[in-house]
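1. A structural model of the following input is requested.
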Amino acid sequence: MGSLGFQARPLSVPGSCRVDFGAEVTGVDLNNLSEEDFKLLRDCLYTSQVVVVRDQQALTPRAQYELTRRFDPETDIYGHGKTIDKRSILHKDLKTIPHQPQVQVIGHGFVDSFEGLENIQLKHPHHNTFHKYPVSAEEDDDCTHFYRWHIDAALYDLNPPLVTSLLAVTVPKGRRQICRWDDGTGAELDVPLGTTAFFSGYRLYQMLSEEDKEFARTSRVEYAAHPYVWISSAHARSNGLGLFSEGLEIPDDKLPPIEVAKIKTYPMVWKNPVTGEYALMVYGIPMRRIHLESGEVLDNLAEIRERIYKLQRPGIDPELIYPHDWEEGDLVLFNNHGVMHSVVGSFRDGETRIFRQCNLAASRTPLGPDTN
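-> Numbering: from 1, shown residues only. Prediction:
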């Protein structure tokens, strides 16, 4: 028996009738989480994929780290390691809390002092730094794009974290934006300012044809060495799902030294450790090659990017997206091996957003479809 106070109910998703994941949990003390309640929380996470716990303003960075680590007790390293190359597209987005280095500060605006950090300038990632065709400057206040559909993962040397925790500390309110796909479909979604958007890899796998399911179950994806440096000059599609192939990737001889043993190759399909369900989990942006069951290796970037894009694009239809409407004190946990997510939105000068993020490089590789 767990705590009598633990309760979980499905998330309310206004305007969507096909989002089949997400839960809101009440009746837990995350600063002092019992083993019984943690087991309930873990089961809830792996059956719901995204879990929201409200009013967690009192959650300390230490408790956030300890909670995140309980999902994978054999690891203790931040998901991207101790240092990030200055050329990486991730470098400018993260500030490390000095007294809890596994926890990062992300957001937007100037912050005088926060958790031992002084006079920091946070910068919310804006799609105009990464997309080939960004929203025009005239429309930027009202319209936006998904920045980059991704999992939290270094994809070189370190394994993708099992779980990510995000805590909203300061959230500007009052504005909404129209997120446009701008991919020729006319798709768009009214979203809260600075939402974090999610889609389900499990639903995506279920939507595949039997032929595509077979291809996904039997193929593996090789990711580039130093992937976020490798793609630092490339341009993303307007819906944030993958890159254009323009030959702009950084050549191997211009990357940091490459250790072949640290290059990561993972199954396309990842198995849920609780339900056994399959999720299509290909991170198309840093993908370098596809290894087929036959032993053939596909390495024409333009062709493999297009193939994976066609598999994944149905999963980001508007009715399948959960855009979280952040409130201060929200703690969101998500199954990083089962959902993909994206930063969304553009902030004005003077709008301050402060979040704490924690994820830990996994102690194991993702579970493939043949894992017992």
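
2. Can you show me the helices along this structure?
-> 35-48, 61-70, 201-207, 210-218, 227-230, 301-312 (DSSP state H).

3. Low-confidence stretches in the stretch 151-300 of the chain?
-> Residues of the stretch 151-300 of the chain meeting the criterion pLDDT under 70: none.

4. circling back: pick the most buried one from the helices of the chain.
-> Each of these was scored by mean neighbour count; the highest is helix 227-230, a mean of 23, by mean count of other Cβ atoms under 10 Å. (Each C-beta comes from the backbone N, C-alpha and C, glycine too.)

5. Just the C-alphas of that helix, formatted as CSV.
-> Output of helix 227-230 as CSV, limited to C-alpha atoms (Å, rounded to 0.1, in the frame of the first residue of the first chain):
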residue,chain,number,x,y,z
PRO,A,227,26.5,15.8,-32.7
TYR,A,228,25.6,19.3,-31.4
VAL,A,229,28.9,20.7,-32.8
TRP,A,230,28.4,18.7,-36.0
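
6. Could you check how far the nearest residue to residue 109 once chain neighbours are set aside is from residue 193?
-> Spatial nearest neighbour of residue 109, chain neighbours left out: residue 352 (3.5 Å); criterion: Cβ to Cβ, 6 or more residues apart in numbering. Remark: distance between residue 352 and residue 193 (Cβ to Cβ, to the nearest Å) = 12 Å.

7. Kindly report the same for residue 97.
-> Residue 97 is 25 Å from residue 193, by Cβ to Cβ.

8. what's the answer for residue 178, then?
-> 11 Å.

9. Overlap in contacts, the two.
-> Residues touching both residue 178 and residue 193 by Cβ atoms under 8 Å, 6 or more residues apart in numbering: none at all.

10. Ok, which of the helices of the chain comes nearest residue 265?
-> helix 227-230 (12.6 Å; Cβ to Cβ).

11. So which bits of the lengthiest strand in the chain are buried?
-> Ranked by number of residues, the top strand in the chain under DSSP state E is strand 103-114. Buried residues in strand 103-114, counting neighbours by 16 or more other Cβ atoms under 10 Å, are found at 103, 104, 105, 106, 107, 108, 109, 111, 114.

12. Can you list the strands that that strand pairs with?
-> strand 95-96 (antiparallel), strand 117-122 (antiparallel), strand 353-359 (antiparallel) (DSSP bridges).

13. most packed of those?
-> Sorting those by mean neighbours (by mean count of other Cβ under 10 Å), the first place falls to strand 353-359, with a mean of 23.

14. Restrict it to CA atoms and write it as PDB.
-> This file holds the C-alpha atoms of strand 353-359, laid out as PDB (Å, rounded to 0.1, in the frame of the first residue of the first chain):
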ATOM      1  CA  ARG A 353      11.500  33.000 -17.200                       C
ATOM      2  CA  ILE A 354      13.500  30.800 -14.700                       C
ATOM      3  CA  PHE A 355      13.400  27.000 -14.800                       C
ATOM      4  CA  ARG A 356      15.500  24.300 -13.200                       C
ATOM      5  CA  GLN A 357      16.200  21.200 -15.300                       C
ATOM      6  CA  CYS A 358      17.700  17.900 -14.200                       C
ATOM      7  CA  ASN A 359      18.500  14.800 -16.200                       C
END
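
15. Touching that strand from outside, list them.
-> 61, 64-65, 68, 78-79, 94, 97, 102-109, 111, 114-115, 122, 124, 152, 161, 163-172, 194, 336, 347.

16. one more time with 6 Å
-> With contact meaning Cβ atoms under 6 Å, 6 or more residues apart in numbering, strand 353-359 is reached by 64-65, 68, 79, 102-104, 106-108, 152, 161, 164-170, 172, 194.

17. What count of nearby residues applies to the residue lying closest to residue 193 once chain neighbours are set aside?
-> The shortest distance from residue 193 to any non-neighbouring residue, by Cβ to Cβ, 6+ apart, is to residue 175 (4.4 Å). Residues within reach of residue 175, counting by other Cβ atoms under 10 Å, total 14.

18. Please report the distance of the residue lying closest to residue 301 once chain neighbours are set aside from residue 363.
-> Excluding its sequence neighbours, the residue lying closest to residue 301 (Cβ to Cβ, 6+ apart) is residue 245, at 5.1 Å. According to Cβ to Cβ, residue 245 stands 35 Å off from residue 363.

19. Looking at these two, which has the bigger crowd around it?
-> Counted by other Cβ under 10 Å, residue 245 and residue 363 do not tie: residue 245 has more neighbours, with 16 against 13.

20. what sits against the more buried one?
-> So residue 245 contacts 301, 302, 305 (Cβ under 6 Å, 6+ apart).

21. Could you find the closest non-adjacent residue to residue 51?
-> Counting by Cβ to Cβ, 6+ apart, the residue nearest residue 51 is residue 333, at 4.6 Å.

22. How much space separates that neighbour from residue 268?
-> 24 Å.

23. Which one's more surrounded, these two?
-> Using other Cβ under 10 Å as the criterion, residue 333 and residue 268 rank with residue 333 on top: 26 against 23.

24. sorry, back to before: for residue 19, which of the strands paired with strand 103-114 is the nearest?
-> That would be strand 353-359 among the strands paired with strand 103-114, by Cβ to Cβ, at 22.3 Å.
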